[in-house]
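>>> Sequence first, predicted model second:
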Amino acid sequence: MKPPRDFFKPLAIGAPVPLTSLPIRTERMIHFVPPHIEKVRAKVPQLISQVDVVLGNLEDAIPADAKEAARDGFIAMGQENDFGDTGLWVRINCLNSPWVLDDLMAIVPALKDKLDVIMLPKVEGAWDVHYLDQVLAQLEAQAGVSKPILIHAILETAQGVKNVEEIAAASPRMQGMSLGPADLAASRGMKTTRVGGGHPGYRVLADLEGDSLPRPAFQQDLWHYTIARMVDACQTYGLKAFYGPFGDFSDPEACEAQFRNAFLMGCAGAWSLHPSQIDIAKRVFSPDAEEVAFARKILDAMPDGTGAVMIDGKMQDDATWKQAKVIVDLAKQVAARDKNFSEIYGL
Ligand SMILES: C[C@H](C(=O)SCCNC(=O)CCNC(=O)[C@H](O)C(C)(C)COP(=O)(O)OP(=O)(O)OC[C@H]1O[C@@H](n2cnc3c(N)ncnc32)[C@H](O)[C@@H]1OP(=O)(O)O)[C@@H](O)C(=O)O
Ligand SMILES: [Mg+2]
């Protein structure tokens, strides 16, 4: 089905022309900064060289009486720093909040082309994206912004998951989506207070064999279905899918396992909420060196991507060539941004 004729027309006279495809950027982690905390804001210059995206958070985790300080702090950190090829994103308040209009009216003219992406929380359907799309076009035209500000939706309500495909298709501004496990759990009535990861109560039991106890139990992944829906919707419309927060900072192993599940299922990156999670995301969302080496063997053995060959005893064909290309293309992107990986991959 073709997009409507005017899908790629600016929604306001003077607004920048929408993109027809996403810019190629490495976004292994979206690092959350609470802009109202001066001590953390002061770390932004060093964070810029450590992370792929710096995000100023204005929504949940910012106290109601600090919303203005967070907005002003974000504008200051955006104006005071040169982000180079590190992304500058902001998570604005919800569309039904008393703060969101001031967020948009203050940030767009203050940061103009420096702002890459607006993360929109609690997206329920395409209508939320349409609203933000139109307001941004008006503000961009008024402020003389020359490149379109992109939108990243958080998938964190039951209705949002029901509408995930229409959200992905709602605007040429759509850059991607993140799974928000805490709000989604509350919205679905799930019985967990955890922020991401597994739950010991969500498991299946092996059949009872004789009276051998305890019966083997296998913990299952609470987020598998939602991540798969999000990845399919994003890939269909050329967007990027992300895993969101992992709240237990004291369990880096479980954080890595959650991130790796998301990576293997097609996600491009995850949120880092604390410095300790930056390297976990970097490690997980940069392709494994051995996988890259094997993928390069596949591409070398099938230059035109067709046919069937055996490599190390495994059959390779057109499909595995495409899988290999995903891995090598990502490795090239990461190597271009991160010289440690350039050496590791030999790219
Ligand atoms: C639930 C879903 C969400 O909305 S998640 C997103 C919202 N939450 C956040 O954005 C949390 C961001 N992180 C923080 O605010 C802080 O990490 C913290 C308040 C949780 C903990 O801070 P602190 O007590 O200072 O931790 P430490 O003492 O361990 O800090 C050590 C050191 O690191 C500095 N620090 C802390 N956090 C950050 C950071 N994010 N970036 C940079 N630096 C940070 C801290 O200042 C200390 O520095 P020092 O060593 O110089 O003292 C929801 O949407 C859903 O799922 O639906
Ligand atoms: Mg949330």
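Right, received. Where do you want to start? Ligands and ions are numbered 1, 2, ... in the order given.

>>> Could you use CA atoms for every contact and neighbour count after this?
OK.

>>> Which stretches in the stretch 101-250 of the chain count as strands?
Shown for the stretch 101-250 of the chain, the strands assigned by DSSP state E, counting those that start in this stretch span residues 117-120, 150-155, 174-179, 203-205, 217-219, 240-243.

>>> Adding mean pLDDT as columns, could you present the ones you listed in JSON lines?
Below are the strands of the stretch 101-250 of the chain laid out as JSON lines (pLDDT from 0 to 100):
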{"stretch": "strand 117-120", "mean pLDDT": "99"}
{"stretch": "strand 150-155", "mean pLDDT": "98"}
{"stretch": "strand 174-179", "mean pLDDT": "98"}
{"stretch": "strand 203-205", "mean pLDDT": "96"}
{"stretch": "strand 217-219", "mean pLDDT": "95"}
{"stretch": "strand 240-243", "mean pLDDT": "98"}
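
>>> Can you tell me which of these is most buried?
Ranked by mean neighbour count under mean count of other Cα atoms under 10 Å, the strands of the stretch 101-250 of the chain are led by strand 240-243, which reaches a mean of 28.

>>> And that strand, how far out from the chain middle?
How far strand 240-243 lies from its chain's middle: 4 Å, per Cα atoms, centre = their mean, to the nearest Å.

>>> Do any residues in that strand lie close to ligand 1?
No - using Cα under 6 Å from any ligand atom, strand 240-243 stays clear of ligand 1, coming no nearer than 9.7 Å.

>>> and stretch 223-242, which residues are buried?
223, 226-228, 230-234, 237-242 (16 or more other Cα atoms under 10 Å).

>>> closest to residue 337 among the residues you listed?
Closest approach between the buried residues of stretch 223-242 and residue 337, by Cα to Cα: residue 240, at 18.1 Å.

>>> What parts of the stretch 101-250 of the chain come near ligand 1?
Near ligand 1, when you scan the stretch 101-250 of the chain using Cα under 6 Å from any ligand atom, you find 156, 180-184, 195, 245.

>>> The one helix or strand residue 46 maps to and ligand 1 in contact?
Residue 46 is part of helix 44-50, with elements assigned from DSSP states H and E. No - Helix 44-50 does not reach ligand 1 (Cα under 6 Å from any ligand atom); its nearest approach is 7.2 Å.

>>> Dump that helix to CSV, restricted to CA.
Taking C-alpha atoms only, helix 44-50 is exported to CSV below (Å, rounded to 0.1, in the frame of the first residue of the first chain):
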residue,chain,number,x,y,z
VAL,A,44,27.6,15.7,29.9
PRO,A,45,30.9,16.8,28.2
GLN,A,46,32.6,13.5,29.2
LEU,A,47,29.4,11.5,28.5
ILE,A,48,29.4,12.7,24.9
SER,A,49,32.6,10.8,24.1
GLN,A,50,31.3,7.7,26.0
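
>>> what is residue 179 paired to in the beta sheet?
residue 155, residue 243 (DSSP bridges).

>>> ok, residue 8 to ligand 1 distance?
Residue 8 is 30 Å from ligand 1, where distance means Cα to the nearest ligand atom, to the nearest Å.

>>> so who does residue 155 touch?
121-123, 161, 164, 177-180, 184, 230 (Cα atoms under 8 Å, 6 or more residues apart in numbering).

>>> List just the nearest of the residues you listed to residue 18.
Among those, and counting by Cα to Cα, the member closest to residue 18 is residue 177, at 18.4 Å.

>>> can you pull the contacts of the closest residue to the closest one other than its chain neighbours?
Distance criterion Cα to Cα, 6 or more residues apart in numbering; nearest residue to residue 177, sequence neighbours excluded, is residue 153 at 4.7 Å. Neighbour list for residue 153: 119-123, 174, 176-178 [criterion: Cα under 8 Å, 6+ apart].

>>> Mind doing that once more with 10 Å?
By Cα atoms under 10 Å, 6 or more residues apart in numbering, the contact list for residue 153 reads 91, 118-125, 128-129, 160, 164, 167-168, 174-180, 241.

>>> swap in residue 337?
Contacts of residue 337 (Cα under 10 Å, 6+ apart): 25-26, 52, 85-86, 331.

>>> again with residue 193
181-182, 185-186, 199 are the contacts of residue 193 under Cα under 10 Å, 6+ apart.

>>> Filter these down to the buried ones, PyMOL style.
A single PyMOL command selects the buried members of those (16+ other Cα under 10 Å):
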select buried, resi 181+182+185
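
>>> Output the strands of the stretch 101-250 of the chain as CSV; include the columns distance to residue 254.
Formatted as CSV, the strands of the stretch 101-250 of the chain follow (distance: least, Cα to Cα, whole Å):
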stretch, distance to residue 254
strand 117-120, 25
strand 150-155, 21
strand 174-179, 17
strand 203-205, 16
strand 217-219, 13
strand 240-243, 14
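
>>> Can you report how many residues lie near residue 344?
14 (other Cα atoms under 10 Å).

>>> Contacts only, for it.
Taking Cα under 10 Å, 6+ apart as the definition, contacts of residue 344 comprise 288-290, 292, 331, 335.
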